[in-house]
Every structure is written in C-alpha cells, then in structure tokens.
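Participant: Sequence below, structure please.
(one chain, ligands or ions: 1)
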Amino acid sequence: MITRRNFLVRNSLLSAALAVPGVLMSFAKPEENADHTFDVIIVGGSYAGLAAAMALGRSLRKVLIIDSGLPCNRQTPHSHNFLTQDGVPPKEIAAKGREQVQHYDTVSFYESVAVQAKKKGEIFELTTQSGRVFSARKLLFATGLKDLMPPIPGFAECWGISILHCPYCHGYEVKGLATGIWANGDMAVHYAPLVANLTKQVFIFTDGAATFSEDQAQLIRKNNIHIVEQQVKALIHDNGQLSGIHLQDGAVYPIRALYARPAFEQHCKIPLEMGCALTEQGLLKLDNFQQTTIPGVYACGDNSAMRAVATAVATGTGAGAAINLALSTADFNLKK
Ligand SMILES: Cc1cc2nc3c(=O)[nH]c(=O)nc-3n(C[C@H](O)[C@H](O)[C@H](O)COP(=O)(O)OP(=O)(O)OC[C@H]3O[C@@H](n4cnc5c(N)ncnc54)[C@H](O)[C@@H]3O)c2cc1C
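Facilitator: Residues are numbered from 1 along each chain as shown. Predicted coordinates for the structure are as follows:
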C-alpha cells in the first residue's frame, strides 16, 4: 500500500532527479574502504542496465552499476511505444526505474565512466575514469550506442526532435506532415512504405546520386514519393523543429520531419578492447544467454539488440536472469 508519506517521499525524490540534469538518484555508494568485489558490475545505468539490476537485486546479488549519464535518447522530448510510459520524457522513465531499483539494498550505484576491464584469474577488474578499481565475478555491458552526427548544419540540433530514427517511436506524432527520408538505396526503400503509411507527402533525399535499381525507383515514384538527388546543404529549424531542407542548388523543401539513420559506434569501447566479437552490423555478438564471445562478459540493450526502450528492458531482464542462473549454478555445484 502506498501511504501519503511514501507518496510524498517518492515524488520529491523523482522531482529532485528530474530537476538536476545529469545528477543521478542516490543509491548506496561503494565506501572507500569497503570490499569492492561484487557479484556483477553493470556498466551503463539506463533502461537495459536498470532492468538487469532489478532482476539481480531481487536475486540478492551484490551489484554495482557504473553510469556516465549519457543515454542515446537524451535530446528527445518524449518517448513513445513503451507500454505504460507512452509519451513520457525519457529522463522520467529512467528516474522511475532508478527509484525502483534503489529499493534493493544489495545494488550500489557509482557515477563515472568505466575506462578499462581486465580478467585476473576468475575475477574481472574494472577501472573508472575517477581512478576507482572494482572487481566482480561477471561483467554486464548495458552501454548503448553513440550516434555519429553528420556534419550538416542543423542535423545535431534536430536529432530526436524532428529528425527521427524510428517510425514506431515518433511517426504518429508527425503523421500527415511533409516528411523527408534522408537515405539512399535499400535503406530508403526500407523506410518508404512505413513513412508512406503515415503521410501522403514523402520526399527521399539521397544527398547525391540515387542508387536505386530501376524497379525500386519505379515503385517509389508509383507511390508518389519524390526522389531528390541534390546534396543537402543545411537544415532550417527553430530549436530543433525542422521547417525546411536547404539544398546545395539553393532550393528549399518545406519538410517538417525527417527520418534518418546516421552511422553509430559502440558507446563503450571496453568490450572491443577485451576481444568481444561484433556482428556485421557493429553490435556485440551474443549467445542465447546474453553472453558475449568472452565467457563471463554479458551485454544487453542497444549495444546488441534492436533499438527500443521495450527491447532494452526485455534484454536487460534476460541478462540479469542469465547471470544469476550462471552464478547460482556455479555456487550450487561447488558442493559436488
Ligand atoms: C533520438 C532517439 C529517440 C528515441 N526514441 C525512442 C522512443 O520514443 N521509444 C523507444 O522505445 N525507443 C526510443 N529510442 C531508442 C531508445 O532510446 C534506446 O533503445 C534505449 O535508450 C536503449 O537503452 P540502453 O540502456 O541500451 O542504452 P542507453 O539508453 O543509450 O544508455 C546507455 C548508458 O550507458 C552509459 N555508458 C556508456 N558507456 C559507459 C561507460 N564507459 N561507463 C559508464 N557508463 C557508460 C551511458 O552514459 C548511458 O547512460 C530512441 C533513440 C534515439 C537515439
């Protein structure tokens, strides 16, 4: 039952977290002279890392979450398509997650950047930018991806506001508007039917010569989609709200929303430095138990799965359960 006092305490904590960008809610902090060996260190304390921490905390696991406070969706005003949290600001969803995870007193939180990890015997040792060294039996990377902004003036400012990566996350909000797809070849062909389902005014900006096959180009045109091959010079916007696309030849298209999938890299390089393999798409390669190609090193969320809050939470929960199973089984079998 939620008492009035509980309600007030919870909500004041939540508001405090929301009012101070980048400052995380206070979990138990690892003491300077405490034992720094954990069952699991989770690098990344956003949706995937918090979901894993909840599964592990509920399994009485001693967990440390290390987070640098830079989730990929931080510029987006509202997050959509995650059941019970549709339209809620991303920071608010994470703050609520942290609030719930901090109820499990075996979970600690440390705000810093993890910079290095090494295996020493059966134990992993992880170093932070602040110079702290922590040890754990298992490592979980919930570190997400870093989107690389193309050097087009206005692109970075509009990212997540009117430049969108996903029609499921933000398409409904821009339905019916003059909409661009900033892509070429198969990627543009992938987006085209999804965007055409949401608006009748669709323009594909190939930003140079189009690379469509004859069949693809014909199909696009039959769906009344315009292909624009001129290079994009700049995006015209007001505080991230797009009002036009300015081309090199001086033409301006009055586009209000633009779908784009910029290049990305792993936000955290440690798994690569440890030798974890990547898929062709640049994601961490995992087995069915969320384990990377290095035994004892796990991953969840965007760094290894489809990009959506629901998927980050689902894979985080799965990773937490898989790690607890591995630890519990190892301890149980010691009695053999
Ligand atoms: C612009 C944009 C808008 C989006 N909108 C939606 C939406 O409306 N609905 C939806 O379902 N999905 C949306 N997504 C996708 C969704 O945001 C991601 O799927 C989700 O954030 C992934 O969660 P994650 O925990 O894996 O990674 P992230 O949320 O990116 O978090 C990774 C965390 O790891 C930390 N970290 C990384 N490296 C280190 C390190 N070395 N040391 C310590 N900490 C580290 C980061 O600081 C960060 O806090 C959007 C994505 C983008 C880019």
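Participant: Assumed Asp207 was part of a strand.
Facilitator: No - counting by DSSP: H, G, I helix; E, B strand; the rest coil, Asp207 is not part of a strand but coil.
Participant: What residues does this protein have near the ligand?
Facilitator: Within reach of the ligand by C-beta under 6 Å from any ligand atom, the chain has these residues: 43-49, 66-73, 76, 79-82, 113-114, 142-144, 147, 159-160, 165, 169-170, 267-268, 301-302, 307-310, 312. For every residue, glycine as well, the C-beta is placed using N, CA and C.
Participant: Quick one: the strands in the stretch 151-300 of the chain, in order.
Facilitator: For the stretch 151-300 of the chain, the strands defined by DSSP state E, counting those that start in this stretch cover 163-164, 179-182, 202-205, 226-228, 232-238, 241-247, 252-253, 257-260, 264-266, 297-299.
Participant: next one: the stretch 1-150 of the chain
Facilitator: Counting by DSSP E, counting those that start in this stretch, the strands of the stretch 1-150 of the chain are 37-43, 63-67, 107-111, 114-120, 123-128, 133-141, 145-147.
Participant: Just name the most buried of these.
Facilitator: strand 63-67 (a mean of 27; mean count of other C-beta atoms under 10 Å).
Participant: just to revisit the earlier point, so can I have TSV of the strands of the stretch 1-150 of the chain showing distance to Gly296?
Facilitator: Shown next, in TSV, are the strands of the stretch 1-150 of the chain (distance: least, C-beta to C-beta, whole Å):
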stretch	distance to Gly296
strand 37-43	10
strand 63-67	15
strand 107-111	20
strand 114-120	7
strand 123-128	7
strand 133-141	5
strand 145-147	23
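Participant: hmm, back to that, please pick the buried ones from the residues of the chain next to the ligand.
Facilitator: For the residues of the chain next to the ligand, a burial check counting by 16 or more other C-beta atoms under 10 Å picks out 43-49, 66-68, 71-73, 76, 79-82, 114, 142-144, 147, 159-160, 165, 169-170, 267-268, 301-302, 307-309, 312.
Participant: what's across from Glu265 in the sheet?
Facilitator: Taking DSSP bridges as the rule, Glu265 bridges to Lys146.
Participant: is it true that Arg58 touches Thr106?
Facilitator: No - using C-beta atoms under 8 Å, Arg58 is not in contact with Thr106; the gap is 9.5 Å.
Participant: Any regions of the stretch 201-336 of the chain where pLDDT drops low?
Facilitator: For the stretch 201-336 of the chain, no stretch has pLDDT under 70.
Participant: Helices of this structure, residue ranges please.
Facilitator: Remark: helices assigned in the chain by DSSP state H are 4-19, 47-57, 90-101, 155-158, 167-170, 185-196, 214-222, 270-274, 309-333.
Participant: who are the neighbours in contact with whatever residue of the chain ends up closest to the ligand?
Facilitator: Using C-beta to the nearest ligand atom, the single residue of the chain nearest to the ligand is Gly301, 2.2 Å away. Residues counted as contacts of Gly301 (C-beta atoms under 8 Å, 6 or more residues apart in numbering) are Gly44, Ser46, Tyr47, Ala48, Gly49, Ala142, Thr143, Gly144, Thr311, Ala312, Thr315, Gly316.
Participant: Apart from its chain neighbours, what residue comes closest to it?
Facilitator: Of all residues not flanking Gly301 in the chain, Ala48 sits nearest, at 2.7 Å (C-beta to C-beta, 6 or more residues apart in numbering).
Participant: which residues sit in contact with that neighbour?
Facilitator: Contacts for Ala48 (C-beta under 8 Å, 6+ apart) come out as Ala142, Gly144, Cys300, Gly301, Asp302, Ala312, Val313, Thr315, Gly316, Ala319.
Participant: how is the protein carved up into domains?
Facilitator: 4-147+264-333, 155-260 (automatic domain parsing).
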